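Enquirer: sequence plus predicted model, see below.
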Amino acid sequence: MMHWHPLVDEFLPTLIALRRQIHRHPELGFQEHRTAALIASTLTALGISPCSGVAGTGVTAVLAGQAGPTVAIRADMDALPIQEQNAVPYASTVPNVMHACGHDGHVATVLGAAMVLSKLAPLPGTVKFIFQPAEEGPGGARPMIEAGVLQHPAVEAIFGLHLTNALPVGRIGVCYGQTCAATDEIKITVLGKGGHGAHPHQAVDAIVAAAQVVASLQTIASRQVDPLESVVVTIGTIAGGYANNVIADKVELHGTVRTLNEAVRAAMPEKIERIVRNVSAAYGADCRFEYLHGYPSLVNDQALTGLLESSAVKAIGRDNVVPYPPSMGGEDFAYFARAVPATFFRLGSGSAICTHPGHHPRFDFAEEALGVGATVLVQAVLDYFRV
Ligand code: NI
């Protein structure tokens, strides 16, 4: 096989141009039409025929090899409803939409891997490229799997990645086992009885009851779950009341529940509902409770993560491959990881200028990361074929 590392340097300006083009024209989940068209035309130019419109705006493409296994690489494509505050030439041209999570970079990185791998063809195995919509919600991974992207040919392993400015560009972070949290949602309505602010004894104050519910929910993490397990219960919004001298009859709470361990997650609806119902009842209030299951937790496969780590060491050097802790953030790559052995790594993109975290209106990343990510992915795919 030819020595391919120089190809990454050769393609890097193209990857940066692609990333900037996507960055200028960000699209929200399931609206990634322009992004999908750019991906499809780039793949077509490489001689890899794309399949567009998968689960809405998803794109897949197969680089067929001579026999051998099939391995997939996944990138997400969607942007966020944020107004960009960077004054860069490639800043978003769409008001209130921005690639603030680096998914533009994920697309460019995976296209970079496709460019290099297409030059190395014929390969001793098949590579499937998966570009999925709506990672930020409501989730494109599950509908793509339901549409059959892991079949024909059957995918035996899958790689995914996420940029992070918490690591300097040039490095990657590797995590074994539990990697991202399950992201569930709770909707609570505390129902009291309205009245005059001066006569609380004639009313049931939904605000006082709701305040106790919020405080008591914090005892789930501190008192009801093994302290060695990770749980977050966050009430993100609270709404109720009419005027300073009116007792509220109703308060609505909306929150997120994050867990890494699926057994801990399974116990959450009952634990949370028990507190909501009984604390409300203690104050004479009634309640409505809804628990909505979101993405499952992401668990990296041990063996595939081991392969990725050793490939990365080979490709970018031991000092540039570091352990990375699990995150309570969510990632719908978890659905792929539930279907086939998977590993998801962090691609360092921090620099002196790029310091803001994802979802920040000034998020930007060091673009050399695109080449680093493509290098690691290509090496991992080649090593997978050799195993
Ligand atoms: Ni993201």
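Expert: Received the coordinates, thanks. Keep in mind it's a predicted model, so treat the numbers as computed, not measured.
Enquirer: helix/strand/coil for the residue nearest the centre of the chain?
Expert: Nearest to the mean C-alpha position of the chain, counting by Cα atoms, centre = their mean, stands E331 at 3.1 Å. Using DSSP: H, G, I helix; E, B strand; the rest coil, the structure places E331 in coil.
Enquirer: likewise for V322?
Expert: Secondary structure for V322, judged by three-state DSSP, is strand.
Enquirer: one more: the one 3 residues further on?
Expert: Reducing the assignment at P325 to three states with three-state DSSP gives coil.
Enquirer: could you number the chain from 846 rather than 1 from now on?
Expert: Okay, residue one is now 846; in that scheme the one you just asked about reads as P1170.
Enquirer: measure the spatially closest residue to Q911 that is not a sequence neighbour to D1050 for me?
Expert: Excluding the flanking residues, the one nearest Q911 by Cβ to Cβ, 6 or more residues apart in numbering is P967, at 5.2 Å. Placement of C-beta: from N, CA and C, glycine included. To D1050, P967 is 73 Å away according to Cβ to Cβ, to the nearest Å.
Enquirer: between the two, who's got more neighbours?
Expert: Neighbour count, other Cβ atoms under 10 Å: between P967 and D1050, D1050 has more, with 23 against 10.
Enquirer: in this structure the more buried one contacts A1093, no?
Expert: Yes. D1050 is within contact range of A1093, at 6.9 Å (criterion: Cβ atoms under 8 Å).
Enquirer: which residues are in contact with both of these two?
Expert: G1037 (Cβ atoms under 8 Å, 6 or more residues apart in numbering).
Enquirer: before we move on, the earlier item: test my guess that the residue nearest to Q911 contacts L908.
Expert: No. Contact criterion Cβ under 8 Å: P967 and L908 do not qualify, at 9.5 Å.
Enquirer: and the next element down the chain from the longest strand along the chain?
Expert: Taking DSSP state E as the criterion, the chain has its longest strand at strand 1002-1013. Going down the chain from strand 1002-1013, the next helix or strand is strand 1017-1019, by DSSP states H and E.
Enquirer: run the chain-centre distance for the helix or strand V1058 falls within.
Expert: According to DSSP H and E, V1058 maps onto helix 1051-1064. Distance of helix 1051-1064 from the chain centroid (Cα atoms, centre = their mean, to the nearest Å) equals 30 Å.
Enquirer: next one: stretch 1135-1145
Expert: Distance of stretch 1135-1145 from the chain centroid (Cα atoms, centre = their mean) equals 12 Å.
Enquirer: ramachandran angles for L968?
Expert: The phi and psi torsions at L968 (degrees, to the nearest 10) take the values phi -100, psi 160.
Enquirer: for the spatially closest residue to it that is not a sequence neighbour, helix, strand, or coil?
Expert: Closest residue in space to L968, ignoring its immediate chain neighbours: G910 at 3.9 Å, by Cβ to Cβ, 6+ apart. Classification of G910 using three-state DSSP returns coil.
Enquirer: any idea how far H1204 is from G910?
Expert: From G910 to H1204 the distance is 38 Å (Cβ to Cβ).
Enquirer: L860 is in contact with L956, isn't it?
Expert: Yes. Contact criterion Cβ under 8 Å: L860 and L956 qualify, at 6.7 Å.
Enquirer: please enumerate the strands of the stretch 1046-1195 of the chain.
Expert: For the stretch 1046-1195 of the chain, the strands defined by DSSP state E, counting those that start in this stretch cover 1076-1085, 1091-1092, 1095-1104, 1131-1140, 1143-1145, 1166-1168, 1187-1195.
Enquirer: in JSON lines: these, plus distance to A936.
Expert: What follows is these, written out as JSON lines (distance: least, Cβ to Cβ, whole Å):
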{"stretch": "strand 1076-1085", "distance to A936": "28"}
{"stretch": "strand 1091-1092", "distance to A936": "46"}
{"stretch": "strand 1095-1104", "distance to A936": "30"}
{"stretch": "strand 1131-1140", "distance to A936": "30"}
{"stretch": "strand 1143-1145", "distance to A936": "31"}
{"stretch": "strand 1166-1168", "distance to A936": "31"}
{"stretch": "strand 1187-1195", "distance to A936": "17"}
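Enquirer: of those strands, which is nearest F1004?
Expert: If you check each of those against F1004 by Cβ to Cβ, strand 1187-1195 wins as the nearest, at 6.1 Å.
Enquirer: send me stretch 1192-1205 as CSV with only the CA atoms.
Expert: The C-alpha trace of stretch 1192-1205 is given here as CSV (Å, rounded to 0.1, in the frame of the first residue of the first chain):
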residue,chain,number,x,y,z
LEU,A,1192,-10.8,15.2,18.2
GLY,A,1193,-8.8,18.0,19.8
SER,A,1194,-9.4,21.4,18.2
GLY,A,1195,-8.3,23.9,20.8
SER,A,1196,-5.8,26.7,20.3
ALA,A,1197,-4.9,30.0,21.7
ILE,A,1198,-7.7,31.5,19.8
CYS,A,1199,-10.2,28.6,19.8
THR,A,1200,-11.1,28.3,23.5
HIS,A,1201,-14.9,28.5,23.6
PRO,A,1202,-16.8,25.3,24.2
GLY,A,1203,-19.4,23.8,21.9
HIS,A,1204,-22.8,25.6,21.8
HIS,A,1205,-21.2,28.9,22.5
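Enquirer: so what touches that stretch?
Expert: The contact list for stretch 1192-1205, computed with Cβ under 8 Å, 6+ apart, reads 925, 927, 945-947, 950, 954, 1006-1018, 1207-1211, 1214, 1217-1218, 1221.
Enquirer: likewise for stretch 1099-1110?
Expert: With contact meaning Cβ under 8 Å, 6+ apart, stretch 1099-1110 is reached by 1023, 1026-1033, 1062, 1070-1071, 1074-1083, 1113, 1117, 1136, 1141-1142, 1171, 1173, 1175.
Enquirer: what mean pLDDT would you report for it?
Expert: When pLDDT is averaged along stretch 1099-1110, the result is 98.
Enquirer: just how off-centre is it within its chain?
Expert: Mean-position distance between stretch 1099-1110 and its chain equals 16 Å (Cα atoms, centre = their mean).
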